[in-house]
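can you look at this prediction? I've put the sequence above it.
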Amino acid sequence: MSAIDKRYDFVFLFDVLNGNPNGDPDAGNLPRIDPETNRGLVTDVCLKRKIRNYVELAKDNAAPYEIYVKEKAILANQQKRAHETLPDDLKDAARTEQAKAWMCRNFFDVRTFGAVMSLKDVSCGQVRGPVQLTFARSEDPIAPMDISITRMAVATQAEADKQHGDNRTMGRKAIVPYGLYRCHGFVSAPLAERTGFGSEDLALLWESLRNMFEHDHSAARGEMASRGLYVFEHENKMGNAPAHTLFNLVDVQRNGDETAPPRSFEDYAVTVDEASVPKGVTLHSMI
């Protein structure tokens with residue numbers, strides 16, 4: 001896999017309609033929210049989970065695109081595989097380094113996002129990943145709704161024998177009526193050299209961001225969609241401009257009546273100041 005030799009910064013826009021994009025376990029799984037501004041939040045680890053899930057589906061969890069962090073995976077067993085490929089006479093430090101290299105070669109998420117793999121008996125060290133994401137934040141305040149639901153079926157004969165009004169168990173479903181979220185991301189070429197993150201991995205990352213919601217539909221998440229991916233490609237691996245100045249070139253504003261709550265992507269206008277893109281940086285609009 002050919003190495004990347006340029007830095008990348010990107011702005012990612014996505015929205016949710018009548019769904020919960022990221023429940024907060026500290027608040028009864030209600031949508032995450034900034035209490036000071038009432039703007040919705042989606043954590044970086046939530047977005048990384050969706051990228052992992054897409055790669056696992058697209059590549060059938062086969063090397064070199066296996067996924068290390070997945071549901072109910074026993075991480076010690078994965079790291080043991082790395083140690084089983086090494087000679088028995090390797091000293092501890094060399095063994096850990098070679099095991100770490102094996103994990104980077106075989107697991108997409110290790111060489112992309114990094115991992116802490118310092119288990120005592122099968123240590124693979126720590127990897128600092130070249131791809132990092134920020135929390136996503138909604139462009140406007142959100143008003144989460146907590147909706148009551150009931151069930152028609154029953155689980156046991158005992159429940160069926162009860163009077164009708166006693167067995168319709170009540171439940172709750174939390175949704176965001178609509179929210180447009182914005183996330184920023186970074187790809188470091190010097191760190192990519194250390195993990196082996198290459199051009200094919202980069203292309204797969206962009207593909208994942210474009211398509212990951214198409215394979216993540218569920219009753220809880222409503223309708224989620226990728227709405228914008230603006231990638232700033234630098235001429236060299238250290239970069240040609242600060243990331244924050246590039247992010248400011250992507251502007252999201254309300255269309256029409258700003259006092260009415262937004263209910264669709266069409267309620268927003270996304271503009272990019274392409275004329276102000278610094279020298280040595282190229283903008284790619286991938287969605």
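Yes, it's here. The model shown is predicted, which means the values in this text are computed figures rather than measured ones.

when you work out contacts or count neighbours from here on, use the C-alpha atoms and nothing else.
Noted.

tell me where the chain has strands.
8-19, 23-24, 30-31, 39-42, 114-117, 125-128, 131-133, 136-141, 145-150, 170-187, 223-234, 250-254, 268-272, 281-285 (DSSP state E).

state the distance from Ile175 to Arg111.
34 Å (Cα to Cα, to the nearest Å).

more neighbours, the two?
Arg111 (29 against 24; other Cα atoms under 10 Å).

any stretches of the stretch 101-250 of the chain with poor pLDDT?
163-169 (pLDDT under 70).

Cys104: neighbour count?
26.

that one: what's it in contact with?
110-111, 195-196 (Cα atoms under 8 Å, 6 or more residues apart in numbering).

how about residues contacting stretch 79-97?
98-100, 102-103, 117, 122-125.

rerun that using 7 Å as the cut-off
Identification of contacts with stretch 79-97 by Cα atoms under 7 Å, 6 or more residues apart in numbering yields 99, 102-103, 122-125.

could you turn the buried ones of those residues into a ChimeraX selection?
A single ChimeraX command selects the buried members of the contacts of stretch 79-97 (16 or more other Cα atoms under 10 Å):
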select :99,102,103,122,123,124,125
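
among the contacts of stretch 79-97, which ones are in helices?
Secondary structure assignment by DSSP state H places 99, 102-103 of the contacts of stretch 79-97 in helices.

just those residues now: which is nearest Ala158?
Closest approach to Ala158 among the ones in helices among the contacts of stretch 79-97 (Cα to Cα): Met103, at 51.7 Å.

quick check: the gap between Glu193 and Ser264.
41 Å.

endpoints of stretch 260-279, how far apart?
Note: stretch 260-279 ends 40 Å apart using Cα to Cα.

any buried residues in it, and which?
262, 265, 267-268, 272, 277.

then stretch 194-204?
Buried-residue list, stretch 194-204, by 16+ other Cα under 10 Å: 195-198, 201-202, 204.

check stretch 129-141 too.
So stretch 129-141, judged by 16+ other Cα under 10 Å, has buried residues 129-133, 135-141.

how far off centre is it?
Centroid displacement of stretch 129-141 relative to its chain, using Cα atoms, centre = their mean, to the nearest Å, is 9 Å.

what's the end-to-end length of that stretch?
32 Å.

need the contact partners of it.
Here stretch 129-141 has contacts from 37-44, 111-114, 179-189, 191-192, using Cα under 7 Å, 6+ apart.
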